[in-house]
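Chemist: Quick one: sequence plus predicted model below, questions after.
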Amino acid sequence: METIYICITLFIVVAILSVINYLKRVETHVQWRNKLAKLDVKNNGDNDEIIKHFVGYEYPFEMFLALNFCFYRTFCSPTIASVYRKTGTIYNTPDKRACDTDLLMHIWMDYGLDSTEGKASYEHLNKIHGLHSSKTRNVDFVFVLCCLVVDAIQFTNDYGWRRPEEKEKQAMWEFYRRVGQRMQLTNIPENLQKCYEFVESYTEDNRQARVTEDGQVLTEAITKLVCQWYYLLPAFVCRMAVKVVLYQMGATFQRKLGLSKPSIFESLLINTVLITRRSILCVIPPRSVPYKLSDVIMNTDYGCPVSKQTITKVGPLDMLAKIQ
């Protein structure tokens, strides 16, 4: 009987704390919505502020996943996959490649695109991309840019604790439009709707996107990396999750990676886990300080803080030797 009383008491305590935390989240979100209403997505400073909040407070894990799963989308492009395969960075050292990319791109979001750190990051990335500019078309870079927008919105919408506000979606597009300008891309879609249309058109066009050996090799390399990251889970569960998430990102592009359609059981299982996670997120306390993934990676992998000087250390050693 005593055990029953203890269990009931614990249940009541957890329920009360969950309600309190949920109400705190709602209150915090209302305050953010009021502030968001006063910000202009086309103003660079306001745009950076929206993205910092979006990534640092609301969706740090979802944005991490979105960026890394965006890799998969690019593998259905023969041009992009061929460049990736020839450089060998994704196939030979996928963990370093993923962490370096996460680091450089999260610096833009954590510090602001036009901050000293943000400027140093995209200028450094421009130099690295410049080594392969003759092998990659502008349209391929624009495809990658648009995929980053589409996946950021889809992952936060599908897996975050709440659905993004429309203004946050527009801010994400405006942010990456600015990134494209600073990376000297041309023919960038005019707005968010055209961004979606561009990704769909590119993916559906068999001349631009199709199954290739390079794409399949790279897909397997990143999938192994996901299994490595989540080593506490059985590998078959990780692979199942990857297959389901990729299919939900887009059936056509998933097929062009050479992957099979997930079964109803696989989709039901993985989505049940994701829905459960989403429910749990709603009843844990909201963040009081931003999570800066760029700081974590720089300190862990390079043993130093993010700065204009330390950013130049990021990347494959052979490529760094060519640009410095």
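Modeler: Good, I have the coordinates.

Chemist: which of the residues in stretch 290-308 are buried?
Modeler: Y291, K292, L293, S294, D295, I297, M298, D301, Y302, V306 (16 or more other CB atoms under 10 Å). Where you see a C-beta, it was placed from the backbone N, CA and C, and this is true even at glycine.

Chemist: Save those as CSV, and put in distance to K119 too.
Modeler: Shown next, in CSV, are the buried residues of stretch 290-308 (distance: CB to CB, whole Å):
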residue, distance to K119
Y291, 22
K292, 17
L293, 19
S294, 14
D295, 17
I297, 19
M298, 16
D301, 21
Y302, 19
V306, 13
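
Chemist: tell me which of those residues is nearest to Q254?
Modeler: In terms of CB to CB, no member of the buried residues of stretch 290-308 lies closer to Q254 than L293, at 26.2 Å.

Chemist: Tell me the span between the first and last residue of stretch 254-261.
Modeler: Taking CA to CA, to the nearest Å, the first and last residues of stretch 254-261 lie 8 Å apart.

Chemist: Show me which parts of that stretch are buried, residue by residue.
Modeler: Applying 16+ other CB under 10 Å to stretch 254-261 flags Q254, R255, K256, L257, G258, L259 as buried.

Chemist: Now do the same contact list for the first one.
Modeler: Residues near Q254 by CB atoms under 8 Å, 6 or more residues apart in numbering: K243, L246, Y247, K261.

Chemist: check which helix or strand covers the second one.
Modeler: Meaning L246. Using DSSP states H and E, L246 maps to helix 235-249.

Chemist: What lies in contact with that helix?
Modeler: Against helix 235-249 from outside (CB under 8 Å, 6+ apart): 69, 72-73, 151, 154, 158, 223, 226-227, 230, 253-254, 257, 259-262, 266-267, 269-271, 273.

Chemist: same thing with stretch 152-169?
Modeler: Contacts with stretch 152-169, where a contact means CB under 8 Å, 6+ apart, come from 25, 29, 33, 36-37, 39, 41, 50, 54, 58-59, 62-63, 65-67, 69, 172, 192, 248-249, 274, 277-278, 281-282.

Chemist: likewise stretch 307-321?
Modeler: Stretch 307-321 has contacts (CB under 8 Å, 6+ apart) with 87, 89, 93, 96-97, 100, 103-104, 107, 116-117, 120-121, 124, 128, 131, 298, 302, 304, 324.

Chemist: Helices along the stretch 201-324 of the chain, start to end?
Modeler: 213-229, 235-249, 251-255, 264-282, 293-297, 317-323 (DSSP state H, counting those that start in this stretch).

Chemist: wait, which of those helices is closest to S201?
Modeler: helix 251-255 (11.1 Å).

Chemist: Give me the neighbour count for R137.
Modeler: As a burial measure, R137 scores 14 neighbours (other CB atoms under 10 Å).

Chemist: what's the neighbour count on the residue nearest to it when sequence neighbours are not counted?
Modeler: Computed as CB to CB, 6 or more residues apart in numbering, the closest residue to R137 that is not its neighbour in sequence is T79, at 6.2 Å. Residues lying near T79 (other CB under 10 Å) number 18.

Chemist: T79 contacts N138, doesn't it?
Modeler: No: counting by CB atoms under 8 Å, T79 does not reach N138; the two are 11.0 Å apart.

Chemist: can you list the buried residues of stretch 290-308 in TSV and add pLDDT?
Modeler: Formatted as TSV, the buried residues of stretch 290-308 follow (pLDDT from 0 to 100):
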residue	pLDDT
Y291	96
K292	96
L293	95
S294	96
D295	96
I297	95
M298	94
D301	91
Y302	93
V306	94
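
Chemist: ok, so of those residues, who is nearest T9?
Modeler: Y291 (33.1 Å).

Chemist: Now for A120, how many residues are close by?
Modeler: Using other CB under 10 Å, A120 is surrounded by 20 other residues.

Chemist: Check what pLDDT it gets.
Modeler: Confidence at A120, expressed as pLDDT, is 95.

Chemist: mind listing what's buried in the longest helix along the chain?
Modeler: Criterion DSSP state H: the longest helix present in the chain is helix 2-37. Buried residues in helix 2-37, counting neighbours by 16+ other CB under 10 Å, are found at Y22, R25, T28, H29, W32, L36.

Chemist: same deal with stretch 151-165?
Modeler: Judged by neighbour count (16+ other CB under 10 Å), stretch 151-165 contains these buried residues: D151, A152, I153, Q154, F155, T156, D158, Y159, G160, W161, P164, E165.

Chemist: quick check, nearest of the residues you listed to I12?
Modeler: Distance to I12 across the buried residues of stretch 151-165 (CB to CB) is lowest for W161, with 23.6 Å.

Chemist: measure the closest one to L36 for me?
Modeler: 16 Å (CB to CB, to the nearest Å).

Chemist: Does anything pack onto the helix or strand hosting A120? Which helices or strands?
Modeler: Using DSSP H and E, A120 maps to helix 116-130. For helix 116-130, the elements it packs on are helix 94-111, helix 166-182, helix 317-323, judged by 3 or more CB pairs under 8 Å, 6 or more residues apart in numbering; DSSP states H and E.
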